[in-house]
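Trainee: Based on what follows, work out the 3D shape:
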Amino acid sequence: MFAISTPLITILLILSFGKATNFVVENFGPFIAYPVLWTLGINFNVIQHGEPVKGSVIYTINHSSTLDLVTMIALGLPHIRFVAKWELQYNPLFFIVGHLTGQVFIQRKKSKKAVAKLQNTYDRLRRDDLSIMVAPEGSRKHPGVIGPFKKGAFHMAIDLGFPIVPIYFDGNQELSLGGSLLSKSGTINAHIHSPIYTSDWKKETIDQHIAEVRQKYLQWAGVKE
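Mentor: Next comes the predicted model:
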């Protein structure tokens, strides 16, 4: 599906002088993802808890499956950009589409560089009224159902004053665990939860804020720590 879409995306962005980027991300994402889910025999449901938040936000997702890549773009969220691992650029299709549409590639193992890369996106996020999606666990390969959270998304929330909107993918891990490229058929529910406002957060208490958000994910996953 990426191979089919990449030439179409490239042509559309060239003809529009890059102005169709939001249209591409919001519409080609589901166009690519839903046939993949259908082929795998996966029923994908989006469940909105409360009213959708307006304006720029930081979406956080739980990350434990290769299927996360498919379900996150299937959402087709407005004005969205994704934080992705640096290594995805080694795939020429991801490299082309990722750079044409302004996705953010970070080196997960170099925390300071990753945070600096995220901070470099601030002006663009504000100027273009963009939202961004981050997986705080960093990698789909981690101990436990919900892995430890990295700080990048939470630094962004404090610096930008954007609310955090947690999204919990229920079913991804059960159908395709960790780094597996195989999947079982079944149902995935994407729960988009109410926003967590961050205007009163401080960097001195960032660890507390991270723990509170992670605790919500543990509750949704039915895990006690």
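Trainee: End to end on stretch 32-45, go ahead and measure it.
Mentor: For stretch 32-45, the first and last residues are 16 Å from each other (C-alpha to C-alpha, to the nearest Å).
Trainee: Return the set of buried residues in that stretch.
Mentor: Residues of stretch 32-45 classed as buried: 32-34, 36-37, 40, 42, 44 (neighbour count, 16 or more other C-beta atoms under 10 Å). For every residue, glycine as well, the C-beta is placed using N, CA and C.
Trainee: can you redo those as CSV with pLDDT?
Mentor: CSV is the format used below for these (pLDDT from 0 to 100):
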residue, pLDDT
Ile32, 90
Ala33, 93
Tyr34, 95
Val36, 92
Leu37, 95
Leu40, 94
Ile42, 96
Phe44, 97
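Trainee: taking the residues you listed one by one, which sit in helices?
Mentor: Of these, the ones assigned to helices by DSSP state H are 32-34, 36-37.
Trainee: Closest one to Val165 out of the residues you listed, please.
Mentor: Ala33 (19.3 Å; C-beta to C-beta).
Trainee: Can you tell me the closest non-neighbouring residue to the closest one?
Mentor: Ala74 (3.6 Å; C-beta to C-beta, 6 or more residues apart in numbering).
Trainee: Contacts only, for the one you found.
Mentor: Ala74 sits next to 29-30, 33-34, 37, 44, 190 when contact means C-beta atoms under 8 Å, 6 or more residues apart in numbering.
Trainee: hmm, try it at 7 Å
Mentor: Neighbouring residues of Ala74 by C-beta atoms under 7 Å, 6 or more residues apart in numbering: 29-30, 33-34, 37, 44.
Trainee: Would you format the ones in helices among the buried residues of stretch 32-45 as TSV with distance to Leu175 included?
Mentor: Shown next, in TSV, are these (distance: C-beta to C-beta, whole Å):
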residue	distance to Leu175
Ile32	18
Ala33	14
Tyr34	16
Val36	13
Leu37	10
